[in-house]
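Chemist: No sequence on hand, only this structure:
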């Protein structure tokens, strides 16, 4: 209702690495030597800047912030490319084929190298294969039901905007990452909240809040 979907092109997809590693000898808290999150940029002047395929890798060790995310003496880490992986390079592959497995291993190797910028022996610390997982555009397409494994709409600031939630059809409202405020779990959840608030009147909001009976903080 803000134009055909083709008017807003999709972002590319991802490759992801999730792993649990042995934390023996690593610091207990993030520091300049080993931060909780870092970015590896291969070429600031690439053909598409930071959007060039595999030009940027983002890495985080969230168990630095919340130790409860990993058993004592362990860390969890996550590395990924920020919506810059071309789906076309994976399209049509059989997930059980040797070709796909080899390409997945190559993607994992690329991501591990970004992790090793700060944890040089990271792969040796990943001793349990059950907690090493690699995601590809086909993973996103299959498990997240994303067309071509896309992260969502690619909006150019100042040139495009996402549509709102109302439609010409009475009683039909839209939510999701192709509506305001956009991509990502918080934004997508917010779009659902906006629709819910649109459906209910202010007095109905008050009644719902009364039913919640949230505990009063001392």
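Modeler: Cool, the structure landed. No experiment lies behind these values; they were computed from the predicted model shown. Residues are numbered from 1 along each chain as shown.
Chemist: so where is this protein shaky, pLDDT-wise?
Modeler: Low-confidence segments of the chain (pLDDT under 70): 1-6, 214, 216-218.
Chemist: Can you show me the helices along it?
Modeler: 98-115, 122-125, 137-143, 185-199, 202-212 (DSSP state H).
Chemist: contacting residues around the shortest one?
Modeler: Outside helix 122-125, the residues within contact range by Cβ atoms under 8 Å, 6 or more residues apart in numbering are 19, 21-24, 77, 112, 115-116, 119. In this view, the C-beta of every residue, glycine as well, is placed from N, C-alpha and C.
Chemist: now swap in stretch 134-149 and tell me
Modeler: Residues contacting stretch 134-149 (Cβ under 8 Å, 6+ apart): 10, 13-18, 80, 85-87, 90-91, 93, 95, 100, 103-104, 107-108, 111, 150.
Chemist: repeat that for 6 Å
Modeler: Residues outside stretch 134-149 that contact it (Cβ atoms under 6 Å, 6 or more residues apart in numbering): 13, 15-17, 85, 87, 90, 104, 108.
Chemist: Then stretch 59-73?
Modeler: By Cβ under 6 Å, 6+ apart, the list of residues contacting stretch 59-73 reads 23, 30, 36-38, 75-79, 114-115.
Chemist: Check those for burial and list the buried ones.
Modeler: With burial judged by 16 or more other Cβ atoms under 10 Å, the buried subset of the contacts of stretch 59-73 is 23, 38, 75-79, 114-115.
Chemist: which pair in these spans the largest distance?
Modeler: 23 and 114 (18.7 Å; Cβ to Cβ).
Chemist: Compute the distance between residue 209 and residue 202, please.
Modeler: As judged by Cβ to Cβ, to the nearest Å, residue 209 and residue 202 stand 11 Å apart.
Chemist: And for residue 122?
Modeler: 53 Å.
Chemist: if you count what's nearby, which of the two comes out ahead?
Modeler: A count of neighbours by other Cβ atoms under 10 Å puts residue 122 above the other of residue 122 and residue 202, at 24 against 8.
Chemist: any chance you could map the strands in the protein?
Modeler: Secondary structure of the chain (DSSP state E): strands at 16-22, 37-41, 56-60, 74-80, 132-135.
Chemist: Would you mind giving those strands as JSON lines with distance to residue 168 added?
Modeler: Written out in JSON lines, the entries for the strands of the chain read as follows (distance: least, Cβ to Cβ, whole Å):
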{"stretch": "strand 16-22", "distance to residue 168": "39"}
{"stretch": "strand 37-41", "distance to residue 168": "43"}
{"stretch": "strand 56-60", "distance to residue 168": "40"}
{"stretch": "strand 74-80", "distance to residue 168": "39"}
{"stretch": "strand 132-135", "distance to residue 168": "38"}
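Chemist: looking at these, which is closest to residue 213?
Modeler: Nearest to residue 213, of all the strands of the chain, is strand 74-80, at 36.0 Å by Cβ to Cβ.
Chemist: ok, and what's touching the closest one?
Modeler: Contacts of strand 74-80 (Cβ under 6 Å, 6+ apart): 14, 16-21, 23, 57-61, 63, 69-70, 111, 114-115.
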